[in-house]
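**Q** Just a sequence and a predicted model for now, questions to come.
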Amino acid sequence: MQKNIADILQSAGVVPVLVIERAEDALPLAEALLKGGLNVLEVTLRTEAALAAVEQIAKHLPEADVGTGTVLNGDDLRRSVDAGARFMVSPGATEKLLESADKSDVPLLPGAASASEVMGLYERGYRYQKFFPAEAAGGVAMLKSLAGPLAEVKFCPTGGVSPNNAADYLALNNVVCVGGSWMASSALVQEKNWAEITRLSQQAAALKF
Ligand SMILES: O=C(O)C(=O)C[C@H](O)[C@H](O)COP(=O)(O)O
């Protein structure tokens, strides 16, 4: 069943941003995250294994809302939809990408890092946006400033979010969820340290509401 982006993000709290190098890791990794209480998973299209990983998670773990990240163009968008992604995330937005997204039934969470970018996306109907790169682009202070004139827009800050600052972001009225890679770092996945990924996910899930 198709879900809208608001429902997906509201149920998330914390969205793990995943870099999966080996397709064989996809299911144990997703299971470890789910066991820890994280149900919305973003698989970045930065590796060759990414689409196969999305396909496997979509097929075998329907309780996970799996989406793709690092979606940069129309091709990435189409390949994401074909693999079974329920949502797609881009670090920014281009005219071409947004035109492709207009034709897709699967929702896009486009990225913005300035008032003008936020306004441009809002004009096109995007009430939910990724704030990227969150820490480098002004962090909590920047989001507080945007909340005044652009209160209608809700953000998923990503980039530099960690256990040290996630709660500060989640406390803001214009933050719907946060994204981050800390609970499933490349090193932990490489070591297949699923127990530690579950432990860190439980901590992240506890930040939720
Ligand atoms: O790949 C994308 O689409 C991105 O936009 C980048 C990711 O969101 C960040 O790499 C996650 O940031 P960290 O939690 O600081 O590792």
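**A** That came through fine.

**Q** Please count neighbours and contacts with C-alpha atoms only from this point.
**A** Will do.

**Q** Let me see the ranges of the helices in the chain.
**A** Under the criterion DSSP state H, the chain contains helices at 5-12, 26-35, 50-60, 74-83, 95-102, 115-123, 139-147, 166-170, 186-190, 194-205.

**Q** got the buried residues for the second one?
**A** This points to helix 26-35. Of the residues in helix 26-35, Ala26, Leu27, Leu29, Ala30, Glu31, Ala32, Leu33, Leu34, Lys35 count as buried by neighbour count, 16 or more other CA atoms under 10 Å.

**Q** quick one: which of the residues you listed is nearest to the ligand?
**A** Using CA to the nearest ligand atom, Leu33 comes nearest to the ligand of the buried residues of helix 26-35, at 15.2 Å.

**Q** In the protein, where is pLDDT below threshold?
**A** Along the chain, segments meeting pLDDT under 70 span 1-2, 209.

**Q** Output the set of residues of it in proximity to the ligand.
**A** Listed as neighbours of the ligand in the chain under the rule CA under 6 Å from any ligand atom: 17, 44, 69-70, 90-91, 158-161, 180-182.

**Q** switch to 5 Å and redo it
**A** Within the chain, the positions lying close to the ligand (CA under 5 Å from any ligand atom) are Gly69, Thr70, Pro91, Gly159, Gly160, Gly180, Ser181.

**Q** Can you tell me the closest non-neighbouring residue to Gly111?
**A** Gly92 (3.9 Å; CA to CA, 6 or more residues apart in numbering).

**Q** got a list of what the residue nearest to Val175 when sequence neighbours are not counted touches?
**A** Distance criterion CA to CA, 6+ apart; nearest residue to Val175, sequence neighbours excluded, is Phe155 at 4.7 Å. Counting by CA atoms under 8 Å, 6 or more residues apart in numbering, Phe155 makes contact with Tyr128, Gln129, Lys130, Phe131, Asn174, Val175, Val176, Cys177.

**Q** Might one say that the fifth one is in contact with Val140?
**A** No: using CA atoms under 8 Å, Asn174 is not in contact with Val140, being 10.4 Å away.

**Q** and Gln56, what is it in contact with?
**A** Neighbour list for Gln56: Ala26, Leu27 [criterion: CA under 8 Å, 6+ apart].

**Q** Which one (most neighbours) among the residues of the chain next to the ligand?
**A** Gly69 (27 neighbours; other CA atoms under 10 Å).

**Q** Just to check, it is in contact with Val43?
**A** Yes: Gly69 is within contact range of Val43, at 5.6 Å (criterion: CA under 8 Å).
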